[in-house]
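Chemist: Sequence plus the predicted model coming up.
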Amino acid sequence: MPAANPASPFYQTLSRLLPERGMTLAQLCPDGDPVAQRVLHDYGAMFVGAESILPPPVCVFTSEQDVSQFQEAARWASATIGEATVELQPAAMAALLRARATASKEGLDITPRDGAEAARRGYADTVRLWNSRFLPALEHWLNKGRLTMDQVDRLRTLPIHSQVSEVLELEKDGIFFSKDLSKSVLYSIAAPGSSQHIAMLAFDVNEFFNPRVREIMTAEGWFQTVLSDLPHFTFLGLVESRLPEHGLKAVEANGQTFWIPDIG
Ligand SMILES: [Zn+2]
């Protein structure tokens, strides 16, 4: 994992923007917390978005109560799309509805993947998703003889934040926890309490494969910001040409452009 480089464009941007929000980097992401730092590097784009959005006060929430408090402060707007009612921060929702209107004029559609879960999620949702990867992977590596029963029992009973840091350690030895067990769990789901969906700034799009749909989303301030999570768009509320000034860099993967924190 790359160390935090204070001279990098992303950290430079944070040190400019966080004080404007009355925050410090140490509050957002405590020094020496590898999970928080990994989360900041992998999903951190939302912390350098426009003033019209409210990013979370911490990289990793640790309780439902803290999430509720944040979500109430940020507020959200709802829309029903097909069968699903989705919820996003007001600026994010307004931009999504504009993108849908543009798409519709061109005979295209932009719809939520997996229903309501495509947008706002609570803390418990992220814990449930974590367990949906963590528990089967424990079973798998136990059967493969890479973990002992004692290790598995211990990992199961750890507090969730410690589970995440121990999983990241195991992954360094190739004991992976993603759904297909071939890559880091964080490429499969967010660490509990850390999702951009908790921030109500993410929307998973069924039609992500269509380049014109991606273009329409981008024109409304919605970008792919999490490498290898293809359907996942993040509302930054910025024009694309300004993203480098906000400490993000463009990376091509799977023929698509991702704007990720430039931490180099
Ligand atoms: Zn997503």
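Modeler: Yep, that arrived.
Chemist: alpha carbons only for contacts and neighbour counts from here, please
Modeler: Fine.
Chemist: Might you enumerate the residues of this protein proximal to the ion?
Modeler: Asp204, His232 (C-alpha under 5 Å from the ion).
Chemist: tell me which helix or strand of the chain sits lowest on mean pLDDT?
Modeler: In the chain, no helix or strand scores lower on mean pLDDT, DSSP states H and E than helix 34-43, which sits at a mean of 90.
Chemist: Give me the contact list for it.
Modeler: 1, 4, 29-31, 59-60, 161, 164-165, 168, 191, 194-196, 225-227, 260-261, 263 (C-alpha atoms under 8 Å, 6 or more residues apart in numbering).
Chemist: before we move on, what about stretch 115-123?
Modeler: 61, 63-64, 67-68, 83-88, 112, 192-193, 197-205.
Chemist: switch to 7 Å and redo it
Modeler: For stretch 115-123, contacts defined as C-alpha atoms under 7 Å, 6 or more residues apart in numbering pick out 63-64, 67, 84-88, 112, 193, 197-198, 200, 202-204.
Chemist: Count the residues that sit near Val164.
Modeler: For Val164, the count of nearby residues is 21 (other C-alpha atoms under 10 Å).
Chemist: any idea which helix or strand carries it?
Modeler: For Val164, the host element (DSSP states H and E) is helix 160-171.
Chemist: quick one, helices of the stretch 1-150 of the chain?
Modeler: With DSSP state H, counting those that start in this stretch, the ranges of helices along the stretch 1-150 of the chain come out as 9-20, 25-28, 34-43, 64-74, 90-105, 123-143, 149-157.
Chemist: Packed most tightly, which of those would that be?
Modeler: helix 34-43 (a mean of 20; mean count of other C-alpha atoms under 10 Å).
Chemist: Using CSV, list the CA coordinates for that one.
Modeler: Once non-C-alpha atoms are left out, helix 34-43 reads as follows in CSV (Å, rounded to 0.1, in the frame of the first residue of the first chain):
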residue,chain,number,x,y,z
PRO,A,34,-4.3,1.4,7.5
VAL,A,35,-8.0,0.7,6.8
ALA,A,36,-8.9,4.4,6.8
GLN,A,37,-5.9,5.2,4.7
ARG,A,38,-6.7,2.5,2.2
VAL,A,39,-10.3,3.7,2.0
LEU,A,40,-9.1,7.3,1.4
HIS,A,41,-6.9,6.2,-1.4
ASP,A,42,-9.4,3.8,-3.0
TYR,A,43,-12.7,5.8,-2.6
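Chemist: Of the contacts of stretch 115-123, just say which sits nearest to the ion.
Modeler: Distance to the ion, by C-alpha to the ion, is smallest for Asp204 among these, at 4.8 Å.
Chemist: of the contacts of stretch 115-123, buried ones?
Modeler: The neighbour count (16 or more other C-alpha atoms under 10 Å) marks 67, 84-88, 112, 193, 197-198, 200, 202-204 as buried among these.
Chemist: In JSON lines, list the helices of the stretch 1-150 of the chain along with distance to Ile216.
Modeler: Listed next are these as JSON lines, based on distance: least, C-alpha to C-alpha, whole Å:
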{"stretch": "helix 9-20", "distance to Ile216": "26"}
{"stretch": "helix 25-28", "distance to Ile216": "32"}
{"stretch": "helix 34-43", "distance to Ile216": "22"}
{"stretch": "helix 64-74", "distance to Ile216": "25"}
{"stretch": "helix 90-105", "distance to Ile216": "6"}
{"stretch": "helix 123-143", "distance to Ile216": "29"}
{"stretch": "helix 149-157", "distance to Ile216": "43"}
